[in-house]
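Trainee: here is my input, please return the structure:
(one chain, ligands or ions: 1)
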Amino acid sequence: MKTSVAPAVHPKDDPWEAALQQFHRAADHIPLKRGIREYLAFPHRELRVTFPVQMDDGSVRVFTGYRVHHSSVLGPTKGGIRYNPRVDLNEVRALAMLMSWKCALMHLPYGGAKGGVACDPAQLSRTELEHLTRRYATEISVIVRPDGDIPAPDVGTNDQIMAWFMDTYSMHLGHSVPAVVTGKPISIGGSAGRREATGRGVMIAAREAARMQEMPFAGSRVVVQGFGNVGSVAAYLLHDQGCKIVGISDVSGGIHGPNGLDPRAVLRHVQQTGSVAGFPSTTAVSNTELLELPCEFLVPAALEGQITRENASRIHTKIIVEGANGPTTPEADEILADRGIVIVPDILANAGGVTVSYFEWVQDLQSLFWSEEEINQRLERIMVQAFRGVVQLARDQDVLWRTAALIYAVKRVADALLTRGIYP
Ligand code: GLU
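Mentor: Residues are numbered from 1 along each chain as shown. Below is the predicted model of the structure:
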């Protein structure tokens, strides 16, 4: 399986430290009791598993995986599973915390979780991936359940992996449990619109940002880093809106086409050749150069820690729409703010995925399925409402959009926590 993610620019930037810094920046604006603030800064539950997988050549390899529940105050925990060589406990912790804030911001009845296995899925055969997934699913099934913790795809995983996960869980119980994961194939209880949902949300976020900034949307130049499920869909939906996609990258590097690229043609090229490299009439650029291309919208849709203190002063865009989780470090946030570059933060910009995951879960629990049109309309409404709420709060409190989104989300979780009370 091919994953379209870019290598880290600064692997030293710890994602958990960054998530904590962002949390505390927002928490400074909220009158929270010290104990409550301290509690929200910790993951509630962490599971680390080490397990063997039989490889195609008969050898046995040992893998390490994680599942972290950050908060279950607002409901069952929700969040994806990542297969990537960089996966470690701090990354999973950070991503779990972001899921708590993302679900709270979107008014989904969920807490936050994340899981992952340190592996390179591109180096595994289909059979090895299936074995790894079934064993990992079994290992973490002690803390996963349809009304307790519901995984989904993330970087390096897809609908087939969710199908194996759901099948493994169901086999253990002796009956089908489609609601235990989202992002499944439609044939086994997946939702119409889920595959495109994160990219669709990114497009809606970019469009709303243009409206708020009173900038023209159609005709604006867009650069997309990462051409996986998020980046590729965002690119073609933005193209459909009349935006000009001038740069795209994946793990192999980037392409620059100042006259505009057709993302669907680039997708076909990727299907034929395995990467965006060599797409006709484009210039090759490195991932570092790609981020610095002049554009109106920059969509980092790969991994965290891409826009840092090192390159923030060389970013030439007006609006960053964070398709990835945590692509901008807190130091870069400050540099970009000083330069007047606006950021639509991850917990808002990429929340389309988990929002349609929620629709999928509700449909599975009811065994009643909605049309794609209905899904997209509901997604549009929730995204626009959340976006306007964030911008309003940012104006009222004179803070950046990221801080506003976090204030809104952290407040919701803290209020629910106080309403429920501290047990016992
Ligand atoms: N992995 C996605 C995210 O980071 C989706 C999570 C989900 O659908 O539960 O938001």
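Trainee: OK, contacts around whichever residue of the chain sits closest to the ligand?
Mentor: Going by Cβ to the nearest ligand atom, the ligand is nearest to residue 80 of the chain, at 2.7 Å. C-beta coordinates here come from the backbone N, C-alpha and C atoms, glycine included. Going by Cβ atoms under 8 Å, 6 or more residues apart in numbering, residue 80 touches 95, 114-115, 151-155, 157, 183, 353.
Trainee: same check, this time on residue 262
Mentor: Going by Cβ under 8 Å, 6+ apart, residue 262 touches 239, 245.
Trainee: how much space separates it from residue 371?
Mentor: Using Cβ to Cβ, to the nearest Å, residue 262 is found at 28 Å from residue 371.
Trainee: and if you look at residue 72?
Mentor: From residue 72 to residue 371 the distance is 32 Å (Cβ to Cβ).
Trainee: which one's more surrounded, the two?
Mentor: Using other Cβ atoms under 10 Å as the criterion, residue 72 and residue 371 rank with residue 72 on top: 18 against 10.
Trainee: thought that one was touching residue 44?
Mentor: Yes - proximity of residue 72 to residue 44 meets the contact threshold set by Cβ atoms under 8 Å, at 6.3 Å.
Trainee: which neighbours do these two share?
Mentor: With Cβ under 8 Å, 6+ apart, residue 72 and residue 44 have common neighbours residue 111.
Trainee: not counting sequence-adjacent ones, nearest residue to the residue of the chain closest to the ligand?
Mentor: Nearest non-adjacent residue to residue 80, counting by Cβ to Cβ, 6 or more residues apart in numbering: residue 154, 2.9 Å away.
Trainee: for the one you found, the count of nearby residues, please.
Mentor: For residue 154, using other Cβ under 10 Å, the count is 27.
Trainee: parallel or antiparallel, which strands does the longest strand seen in the chain pair with?
Mentor: When the chain is parsed with DSSP state E, its longest strand is strand 60-71. When pairing is defined by DSSP bridges, strand 60-71 lines up against strand 45-54 (antiparallel), strand 111-118 (antiparallel).
Trainee: up against the ligand, what does this structure have?
Mentor: 78-80, 152, 154, 182-183, 325, 350, 353-354, 357 (Cβ under 6 Å from any ligand atom).
Trainee: buried residues, the longest helix along the chain. List them.
Mentor: When the chain is parsed with DSSP state H, its longest helix is helix 372-397. For helix 372-397, a neighbour-count test (16 or more other Cβ atoms under 10 Å) marks 375-376, 378-379, 382-383, 386-387, 389-391, 393-394 as buried.
Trainee: now flag whichever of those is closest to residue 279.
Mentor: Set against residue 279, the nearest of the buried residues of helix 372-397 by Cβ to Cβ is residue 376 (28.9 Å).
Trainee: disregarding residues adjacent in the polypeptide, which is nearest to the closest one?
Mentor: residue 193 (5.6 Å).
Trainee: please report the distance of the one you found from residue 158.
Mentor: 16 Å.
Trainee: cool, and residue 59?
Mentor: Taking Cβ to Cβ, one finds residue 59 at 25 Å from residue 158.
Trainee: and what of residue 280?
Mentor: Distance, residue 280 to residue 158, using Cβ to Cβ: 28 Å.
Trainee: of those two, who's got more company?
Mentor: residue 158 (19 against 10).
Trainee: do you know the pLDDT at the more buried one?
Mentor: In this prediction, residue 158 carries a pLDDT score of 98.
Trainee: may I see the buried residues of helix 372-397 arranged in a markdown table, with pLDDT as well?
Mentor: As requested, those are arranged in a markdown table below (pLDDT from 0 to 100):
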| residue | pLDDT |
| --- | --- |
| 375 | 98 |
| 376 | 98 |
| 378 | 98 |
| 379 | 98 |
| 382 | 98 |
| 383 | 98 |
| 386 | 98 |
| 387 | 98 |
| 389 | 98 |
| 390 | 98 |
| 391 | 98 |
| 393 | 98 |
| 394 | 98 |
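Trainee: ok, back up a step: and among the strands paired with strand 60-71, the most buried is which?
Mentor: Among the strands paired with strand 60-71, strand 111-118 has the highest mean neighbour count (mean count of other Cβ atoms under 10 Å), at a mean of 28.
Trainee: dump the C-alpha coordinates for that one into CSV.
Mentor: What follows is strand 111-118, C-alpha atoms only, in CSV (Å, rounded to 0.1, in the frame of the first residue of the first chain):
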residue,chain,number,x,y,z
GLY,A,111,-14.3,12.3,23.5
GLY,A,112,-10.9,12.0,21.9
ALA,A,113,-8.7,9.0,21.2
LYS,A,114,-6.0,7.9,18.8
GLY,A,115,-4.2,4.8,17.9
GLY,A,116,-1.2,3.8,15.8
VAL,A,117,1.3,1.2,15.0
ALA,A,118,5.0,2.0,14.3
